[in-house]
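1. sequence and predicted structure are below.
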Amino acid sequence: MRGKEIIFLSGISKLETNEERWNPFPWYREMRENNPIYFDEEQQVWNLFRYEDVKRALSDYKVFTSERERSTIPIQLDSSINLTSVDPPEHRKRRGLLASAFTPRSLDTWKPRIQSVVDSLIQGLLAEDLSKPVDIYERFAVRLPVTIIADLLGVPNTDWEKIKEWSDILFLPHHQEGLEEVTKQKAKAMKDFGEYLLPLVQQKRRQPQDDILSDLTQAEYEGAKLTDEEVVGSGIGLLGAGNETTTTWLTQCFYYFASKGVYGELRKQPELIPQAAEEVLRYHFIASLDRAVKEDTDVLGVPMKRGEAVIVWISSANRDERQFVNGEAFDIHRQNSKEHLSFGNGQHFCLGAPLARLEAQYALTSFIKQFSNIRIAEGYRPWDHLVSHGFTLTSLPIVIEP
Ligand code: HEM
C-alpha cells in the first residue's frame, strides 16, 4: 500500500454521533446555502457542496486533477494500472484495459448468471422462518454483489466470505483515532488478499479462461504484458470497488421502499423499480471524492492554489435544489433522479455502473414480485447499525410478508 497523505473527512464535517452520520443532510444544506465553497484551515482543503461545482471538479481534469498527493480514499492500490489516480490521456489507456468487460454486450452474457444468483438468494429467504425479521443486509444485499464480482473475475465464489471480509477492511473509513490499528489491519488484508489471488492469476496466465483476470493476464500495456502483481492489484481493486457500494445501494433501497411506503406501488408497477432505485442513490447514498487543484485557478470564483486538495461532497450535490426540484424529498417519480453524481461524472464515471444497475434491477424486481410486502422490524433505528466511524448500514432486519 502506498502512503498517500490522508485527509480525514470526519475532521471537516464534525458529524460526531451516529445519528448525525446517518442524517448529515441538515449540515449539507447549511453548507450549500451559506458556505458552498469552503476552505478548511485545519487540514488545508477546499470543500464543494453545490451540484454544479461538484460536477465540474469531477469532470474538468485540466483544472482538478486526480493525480494527487493527499486523498480521502481509504485504499491506495500500489498498481501501475490504477485508474482512479491518473488523468487523461494516461487514464484512457488504462481504462481501455478493463472497459471491454463492462460494455452492454459483455454484460448481456451476465444476465442469466445474475438472475440465477438472485433466484438462489430468494430461495434461501423462502426457506427461512418468515414469521421473524430477516436481516436483508446479511442474507441478500451482501451476497449478491460479492458473488457476481467473484464470478466475473474468475475467483471461486465459494470463497465469498473471505473476499467480503478483506474488501470490507480495505475500504474501512479512516478516522484519526485508532488510525495505526486500522492501517495495520489494512496492510494485513492487502497481503492476505494478494497471496490468495496470486496463484489463481498464475494459473490463469498458463490456462486462460473466460473471465476478467484471465483477460488481464493477456492484456498489453505500453507494449508489455501486465505482471502478475499488476493483475492481482486490479483484481483487488475490482473486487473491492464493486462490493460494499452495491451492497449499500441495495440495503438503502430496501430501507426506503419500506419506510417511505412505496413498496406496494412498485409491486403494482415493477417498471418503476430501476427509476426508484436511482432515486435512492440520489436521495441517500453518502459519498465524497477528492481531487487536487492542477494550476492556480479562479474558475469557481475564488482563488485556488496549485496542489490544494478539493473535496466534493457528492451527497450534498445530490440534494441541491438548483438541480433537483424539492431535492430534500424522496420521489420515485422524479424525472431527473439519474442526474445524481453517486457514480461520479466525466472520464472517471464508474466503470461498474452498468453492472451495479443490472444487479439492482434484477434483485429488486425479483424480490418485489416474490414477496407481497416488507416492513422494517419494530424498534430498528438505522443509526444504531452503522459501520464504525462511517455512514453505511451493517444490518437491516425486515419482516417479509410472503
Ligand atoms: C452502487 C454501486 C457503485 C457506486 C455508487 C460506485 C461509485 C463510483 C464512483 C463515484 C466512481 C468515480 C471515482 C472518481 O471519480 O474518482 C467509481 C469509479 C469506479 N468504479 Fe464504481 N461504483 C459502484 C459499483 C461498481 C462496480 C460494481 C464496479 C465493478 C465491478 C465498479 C468499478 C469501478 C471502477 C473500476 C472505477 C474507476 C473508474 C475510473 O477511474 O475510470 N464500481 N465508482
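-> Nice, I can see it. Note that the structure is a prediction, hence the values are computed from the model and not measured.
2. mind checking the SS state of the residue nearest the centre of the chain?
-> By CA atoms, centre = their mean, the chain has its centre lying nearest to T245, at 3.0 Å. Classification of T245 using DSSP: H, G, I helix; E, B strand; the rest coil returns helix.
3. burial of the closest residue to it other than its chain neighbours, as a residue count?
-> Nearest residue to T245, sequence neighbours excluded (CB to CB, 6 or more residues apart in numbering): A356, at 7.0 Å. For the C-beta atoms, the positions are set from N, CA and C on the backbone; glycine is no exception. Here the number of neighbours of A356 (other CB atoms under 10 Å) works out to 22.
4. pLDDT score for A356?
-> As predicted, A356 sits at a pLDDT of 97.
5. tell me which element it falls in.
-> helix 353-370 (DSSP states H and E).
6. that helix close to the ligand?
-> Yes. Legend: contact between helix 353-370 and the ligand by CB under 6 Å from any ligand atom is shown at 355-356.
7. give me the contacts around the helix or strand that that helix is followed by.
-> Per DSSP H and E, the first helix or strand lying C-terminal to helix 353-370 is strand 373-376. Here strand 373-376 makes contact (CB atoms under 8 Å, 6 or more residues apart in numbering) with 136, 254-255, 257-259, 263-264, 267, 396-401.
8. parallel or antiparallel, list what pairs with strand 373-376.
-> strand 397-401 (antiparallel) (DSSP bridges).
9. now the partner strand against helix 353-370, angle please.
-> 50 degrees (axes from the mean of the first three to the mean of the last three CA atoms, to 10 degrees).
10. residues touching the strand or helix carrying L125, excluding its own?
-> Element membership for L125 (DSSP H and E) is helix 111-126. Applying CB under 8 Å, 6+ apart, the contact partners of helix 111-126 are 134, 139-140, 143-144, 147-148, 151, 358-359, 362-363, 366-367, 370-371, 400, 402.
11. any of these buried? List them.
-> 134, 139-140, 143-144, 147-148, 151, 358-359, 362-363, 366-367, 370-371, 400 (16 or more other CB atoms under 10 Å).
12. quick one: low-confidence ranges for the chain?
-> 1-4, 74-80 (pLDDT under 70).
13. tell me which parts of it are close to the ligand?
-> Contacts of the chain with the ligand, taken as CB under 6 Å from any ligand atom, map to 58, 66, 83-84, 95, 149, 238, 241-242, 245-246, 249, 287, 289, 342-344, 348, 350-352, 355-356.
14. just those residues: which are in strands?
-> Taking DSSP state E, the ones among the residues of the chain next to the ligand that sit in strands are L289.
15. still on that earlier bit, just checking: what are the partner strands of the helix or strand following the helix holding L125?
-> Going down the chain from helix 111-126, the next helix or strand is strand 134-135, by DSSP H and E. Strand 134-135 sits in its sheet next to strand 397-401 (antiparallel), going by DSSP bridges.
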